[in-house]
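*Asks:* Please work out how this folds:
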Amino acid sequence: MSFLRRRKGLANSKSDSDQDGDKRENENEKEKEKVKRKGKETKKIKKWTCVDNCCWFVGFICSLWWFLLFMYNAMPASIPQYVAEAIGGPLPDPPGVKLRKEGLMAKHPVVFVPGIVTGGLELWEGRQCAEGLFRKRMWGGYFGEIYKRPLCWVEHMSLDNETGLDRPGIRVRPVSGLVAADYFAPGYFVWAVLIANLARIGYEEKSMYMAAYDWRISFQNTEVRDQTLSRIKSNIELMVATNNGKKVVVIPHSMGTLYFLHFMKWVEAPVPMGGGGGSDWCAKHIKAIMNIGGPFLGVPKSVAGLFSIEGRDIALARAMAPGFLDKDFFGLHTLQYLMRMTRTWDSTMSMIPKGGDTIWGGLDWSPEGYFNCGSKKQKNNVTDNAVQNGKERLGRAKKVDYGRIVSFGKDAAEIHSSRLERLDFRGVHKGRNLANSSQCDAWTEYHDMSVEGIKAVSDYKAYTADEIIDLLNFVAPKMMKRGDAHFSHGIADNLDDPKYKHYKYWSNPLETTLPNAPDMEIYSMYGVGIPTERAYVYKLTSRSECYIPFQIDTSADGGDEHSCLRNGVYSVNGDETVPVLSAGYMCAKGWRGRTRFNPSGIRTYLREYDHAPPANLLEGRGTQSGSHVDILGNFALIEDIIRVAAGATGEDLGGDRVYSEIFEWSEKINLKL
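*Replies:* Residues are numbered from 1 along each chain as shown. This next block holds a predicted model:
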């Protein structure tokens, strides 16, 4: 029995020891599992994704930006000026300060007429997606709504595709007052610098008026919908009456020059089509019109915008990131939506080149003819070195067939017309849809074209200014039907023909006459010395659903430092947006002296501003810039405006100041005057 008890005790002791061993093994296994889990967690923590990198990068940039912005606003105002003067020497006085020292004071009231895009637009009625945006800016300002709700923004910025007016349930209206276009976005001035300098010689808001309008809609429709033309008429009359009868100085910019041309005919015309002011209204109320960067004869850039929603910059972006702008990105086919939106803006059709081949050239000639795009000009502060006769050569030049505004392939842009084989596109049937429009949220008129129609466009090879109108009518007939009701792009044979009393001709200087105001002055003021888009080399894009079939061929290059062909775009002298020919021809020849377009002999002056980039970053956008918008901060231009507003005439300014060959180019245009 004792033996059994011992055995039992031994067994019990063994079982206890086994249990202890099992416990230890379990604990060891648990520890191993913990170590494994920790290792996995460590591995997970060490893993770094692309999203992490992007988030950290964006966070770093934003933090750095806010820090620099805080430091800039916290530092004394004298420090940036001190640094700038230490680098570049003493800064010149702003024009307003300089002219105030000379004794100039405010005299004539001033009217600003903004151009396309630069005026603010705000929401007065919208769809459900725009809840909380009442009277918030849909255009201009911070542009926050573009990033927050892009499709909603596109919907509200688009107009009705049939009428060119508001879509049902949407009302977007121009911002009023000087704040409508003083700044386009925070820190990016438009009229602000000019307004500030005018204020330095005594101008106040009562003697300055911003003639803001909805730049999306046709000029006559601004009166139909908003009575904008009537408001401009009333405000000018009020300013003259409250300033002791002193006439106004009108300062239109960009498309605003065309808008004010339309206004001058509208104000004279009898009601209901016009304002009923009579033939002497302009003579009684306007001293001078100082047009800045005016696209009087249109801009080739508008053709590229309407044809393929491109310009030089977008074409390069598409080349660097092929397909990105054409794809569905966060639910937004970027280029397709932009095309759908901008093709509802009838005002863009006012800037299609006017005058056809007579003005812009044919297949084998153009007024500019030979131009050297590779010449480098030194920065020069002395404006007296301008070439008064416009005969300065820019060095060795090459012949460019600028008359071919759109070409398909580099060869088609360069070979002689006798070797250019073209198949007419006009009679091609467009019956089969290019894509199923039900699958394309961003409908464009390209969806109604057949594959044969697309090919026919490219097989025509080259398009001059006359043929551009036929091309746009072929690829976008609905858009052009609206445009043809409001704008014309030809040349009048007989200005006494009653048809030219219709408003569709009023913004075309080649199909209308200036008012009977012999004491009035007209200035063309624009920048020169910057490569400006003049013609394009295109290619067909690869076929896919919901695509834009035509694209600027950025691989086309001149291969020569003097060549004007870069990245599929032929450049010429201008202000980066408007070629010299468009900005300067009317004042150089079309309106000069008594012509059929200027029967009362209004005096015209050309004032060109040779572009000079900023000397350093602290100079901002530069005080000698000739760029299309930046020129509004050009000290020489501002000084000219202030002197005229204070009572000077064009002769007092020294008459014409010309750096380009505009007079020589104008003589090559065979136009009946």
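*Asks:* Report the contact partners of Ile522.
*Replies:* Contacts of Ile522 were listed using Cβ atoms under 8 Å, 6 or more residues apart in numbering, and they are Ala288, Ile289, Asn291, Leu514, Cys587, Trp591, Ile602, Arg603, Thr604, Tyr605. For glycine as for every other residue, the C-beta is placed from the backbone atoms N, C-alpha and C.
*Asks:* Which of these fall in strands?
*Replies:* Ala288, Ile289, Asn291, Arg603, Thr604, Tyr605 (DSSP state E).
*Asks:* hmm, who's touching the helix or strand encompassing Glu237?
*Replies:* Taking DSSP states H and E as the criterion, Glu237 maps to helix 228-242. Applying Cβ under 8 Å, 6+ apart, the contact partners of helix 228-242 are 109, 111, 174, 206-207, 209, 211, 213-214, 222-223, 246-248, 263, 266-267, 275, 277, 281, 284-286.
*Asks:* Among those residues, which are located in helices?
*Replies:* Using DSSP state H, the members of the contacts of helix 228-242 that fall in helices are Thr222, Glu223, Phe263, Trp266, Val267, Trp281, Lys284, His285.
*Asks:* Can you get me a residue count around the second one?
*Replies:* Just to be clear, that refers to Glu223. Glu223: 23 surrounding residues under other Cβ atoms under 10 Å.
*Asks:* ok, and the closest non-adjacent residue to it?
*Replies:* Nearest residue to Glu223, sequence neighbours excluded (Cβ to Cβ, 6 or more residues apart in numbering): Leu229, at 4.2 Å.
*Asks:* separation between that neighbour and Trp65?
*Replies:* 43 Å (Cβ to Cβ, to the nearest Å).
*Asks:* Looking at these two, which is more packed in?
*Replies:* It is Leu229, of Leu229 and Trp65, that has more neighbours when counted by other Cβ under 10 Å, with 22 against 10.
*Asks:* and the more buried one, how far is that from Asn508?
*Replies:* Distance, Leu229 to Asn508, by Cβ to Cβ: 17 Å.
*Asks:* Also Asp493?
*Replies:* Taking Cβ to Cβ as the measure, Asp493 and Asn508 are separated by 13 Å.
*Asks:* Next, count neighbours for Gly202.
*Replies:* Gly202 has 14 nearby residues by other Cβ under 10 Å.
*Asks:* Isn't it up against Met105?
*Replies:* Yes - contact criterion Cβ atoms under 8 Å: Gly202 and Met105 qualify, at 5.1 Å.
*Asks:* quick one: low-confidence ranges for the stretch 201-350 of the chain?
*Replies:* 315-333 (pLDDT under 70).
*Asks:* SS state for the residue nearest to Val578 when sequence neighbours are not counted?
*Replies:* Nearest non-adjacent residue to Val578, counting by Cβ to Cβ, 6+ apart: Pro295, 4.8 Å away. Following DSSP: H, G, I helix; E, B strand; the rest coil, the label given to Pro295 is coil.
*Asks:* Can you give me the neighbour number for Pro295?
*Replies:* Pro295 sits with 27 neighbouring residues when counted by other Cβ under 10 Å.
*Asks:* Could you do Pro272 as well?
*Replies:* 7.
*Asks:* what's the answer for the one 10 residues further on, then?
*Replies:* For Cys282, the tally of surrounding residues (other Cβ under 10 Å) stands at 25.
*Asks:* Which pLDDT value goes with the nearest residue to it once chain neighbours are set aside?
*Replies:* Spatial nearest neighbour of Cys282, chain neighbours left out: Pro515 (3.8 Å); criterion: Cβ to Cβ, 6+ apart. What the model reports for Pro515 is a pLDDT of 97.
*Asks:* Then the one 5 residues further on?
*Replies:* For Met520, the model assigns a pLDDT of 98.
*Asks:* so what's it up against?
*Replies:* Cys282, Ala283, Ile286, Lys287, Ala288, Ile289, Ile602, Arg603.
*Asks:* which of the residues you listed has the most neighbours?
*Replies:* Within the contacts of Met520, most neighbours by other Cβ under 10 Å means Ile289, with 27 neighbours.
*Asks:* Quickly list what that one is bridged to.
*Replies:* For Ile289, the beta-bridge partners under DSSP bridges are Val250, Ile522.
*Asks:* Let me know whether it touches Met525 as I believe.
*Replies:* No - contact criterion Cβ under 8 Å: Ile289 and Met525 do not qualify, at 10.4 Å.
*Asks:* if we can go back for a sec, which of Asp493 and Asn508 has more residues huddled nearby?
*Replies:* Asn508 (24 against 8).
*Asks:* Wait, the more buried one touches Lys354, no?
*Replies:* Yes - between Asn508 and Lys354 a contact is recorded at 5.4 Å, counting by Cβ under 8 Å.
*Asks:* Quickly find the element holding Val537.
*Replies:* According to DSSP H and E, Val537 maps onto strand 530-540.
*Asks:* any idea which helix or strand comes after that strand?
*Replies:* Criterion used, DSSP H and E; the element after strand 530-540 is strand 550-552.
*Asks:* Show me what that following strand is in contact with.
*Replies:* With contact meaning Cβ under 8 Å, 6+ apart, strand 550-552 is reached by 304, 307-308, 310, 312, 315, 318, 454, 457-458, 536-541, 567-569.
*Asks:* and the residue minimising distance to the centre of the chain, what is it in contact with?
*Replies:* Central residue of the chain (Cα atoms, centre = their mean): Val117, 6.4 Å from the mean position. Contact analysis of Val117 by Cβ under 8 Å, 6+ apart lists Trp139, Phe184, Trp215.
*Asks:* any idea how far Gly140 is from it?
*Replies:* From Val117 to Gly140 the distance is 9 Å (Cβ to Cβ).
*Asks:* With Leu606 instead?
*Replies:* For Leu606, the distance to Gly140 - Cβ to Cβ - is 31 Å.
*Asks:* Next: Lys398.
*Replies:* Lys398 is 41 Å from Gly140, by Cβ to Cβ.
*Asks:* and if you look at Gly527?
*Replies:* 23 Å.
*Asks:* These two: which is more packed in?
*Replies:* Gly527 (31 against 22).
*Asks:* Neighbours of the closest residue in space to the more buried one that isn't next to it in sequence, how many?
*Replies:* Ranked by Cβ to Cβ, 6+ apart and with sequence neighbours excluded, the top spatial neighbour of Gly527 is Gly626, at 2.4 Å. Neighbour count for Gly626, taken as other Cβ under 10 Å: 26.
*Asks:* need the helices for the stretch 251-400 of the chain, in chain order.
*Replies:* Ranges of helices within the stretch 251-400 of the chain are 256-268, 281-285, 300-308, 312-320, 334-342, 356-360, based on DSSP state H, counting those that start in this stretch.
*Asks:* Which among these is found nearest to His429?
*Replies:* Proximity to His429 (Cβ to Cβ) singles out helix 300-308 among the helices of the stretch 251-400 of the chain, at 21.0 Å.
*Asks:* export that closest one as CSV, just CAs?
*Replies:* Provided in CSV are the C-alpha atoms of helix 300-308 (Å, rounded to 0.1, in the frame of the first residue of the first chain):
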residue,chain,number,x,y,z
PRO,A,300,-5.8,83.4,-83.5
LYS,A,301,-5.7,82.2,-79.9
SER,A,302,-9.5,82.2,-79.8
VAL,A,303,-9.5,79.8,-82.7
ALA,A,304,-7.4,77.2,-80.8
GLY,A,305,-9.7,77.7,-77.8
LEU,A,306,-12.9,77.1,-79.7
PHE,A,307,-11.4,74.3,-81.8
SER,A,308,-9.6,72.2,-79.2
